[in-house]
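Participant: Show me how the following folds:
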Amino acid sequence: MEKVWLDLYKEAKNKLNAKEVSIFFTSGNTSCAILGSNNKIYAGSNIASNSIISCSAEKSAVITMFNDQEYIIKKMVMLNELEEIILPSDSSLEYLLELNPEFGDIDILVDINKEKIIKLRQLVPKWWGTYRNHK
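Facilitator: Numbers count the residues shown, from 1 in each chain. Down below sits the predicted model:
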């Protein structure tokens, strides 16, 4: 396995910090680490609330990346609070594809032990926005 996958896993693991801030607000139950085209790692964790403040770990990592004026994702690792690898949520898949249709080329780690990696486009093979790229 490429060292970068281990680095991404480690960064995602470091972002996990499940905390119940209040009975209405939790954070750090999931985390995400992404590798930008500049080969820098950006990581984030989720915020869950009963209000509009909620933010997925994927969005948190992307926002951190955008704040660094980096706009291309090459690789992604997501973890749950048990440090297990998970896939992005359906709404996050949509979010990633809307940001940049080429994000379909993102490599996503599925299993670190079996070294299984898939492309984002494999998770959304018939994305509704694809036709706009062909205009």
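Participant: List the contacts of the lengthiest helix in the chain.
Facilitator: Longest helix of the chain, by residue count under DSSP state H: helix 3-15. In this structure, residues lying in contact with helix 3-15 by Cβ atoms under 8 Å, 6 or more residues apart in numbering are 28, 31-35, 41, 43-45, 57, 75-79, 83, 85, 109, 112, 115, 117. (C-beta placed from N, C-alpha, C; glycine too.)
Participant: Between the two ends of stretch 120-127, how far is it?
Facilitator: End-to-end distance for stretch 120-127: 11 Å, by Cα to Cα, to the nearest Å.
Participant: ok, now how distant is the one residue sitting closest to the centre of the chain from residue 124?
Facilitator: Nearest to the mean C-alpha position of the chain, by Cα atoms, centre = their mean, lies residue 58 at 3.5 Å. Separation of residue 58 from residue 124 (Cβ to Cβ, to the nearest Å) stands at 14 Å.
Participant: mind listing what residue 76 touches?
Facilitator: Residues in contact with residue 76 (Cβ under 8 Å, 6+ apart) are 8, 32-35, 58, 88, 106-109, 120.
Participant: Give me the subset of these lying in strands.
Facilitator: If you go by DSSP state E, the contacts of residue 76 have 32-35, 107-109 in strands.
Participant: Just the helices from the chain, written as ranges.
Facilitator: Assigned by DSSP H, the chain shows helices spanning 3-15, 57-67, 90-99, 120-123.
Participant: Can you tell me which of the ones you listed is most buried?
Facilitator: Mean neighbour count (mean count of other Cβ atoms under 10 Å) peaks for helix 57-67 among the helices of the chain, with a mean of 20.
Participant: Just the CA coordinates for it, please, in PDB.
Facilitator: Taking C-alpha atoms only, helix 57-67 is exported to PDB below (Å, rounded to 0.1, in the frame of the first residue of the first chain):
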ATOM      1  CA  ALA A  57     -16.600  15.400   7.800                       C
ATOM      2  CA  GLU A  58     -16.200  15.400   4.000                       C
ATOM      3  CA  LYS A  59     -17.400  19.000   3.800                       C
ATOM      4  CA  SER A  60     -15.200  20.000   6.700                       C
ATOM      5  CA  ALA A  61     -12.100  18.700   5.000                       C
ATOM      6  CA  VAL A  62     -13.100  20.300   1.700                       C
ATOM      7  CA  ILE A  63     -13.700  23.600   3.300                       C
ATOM      8  CA  THR A  64     -10.200  23.400   4.900                       C
ATOM      9  CA  MET A  65      -8.700  22.600   1.500                       C
ATOM     10  CA  PHE A  66     -10.600  25.500  -0.200                       C
ATOM     11  CA  ASN A  67      -9.400  27.900   2.500                       C
END
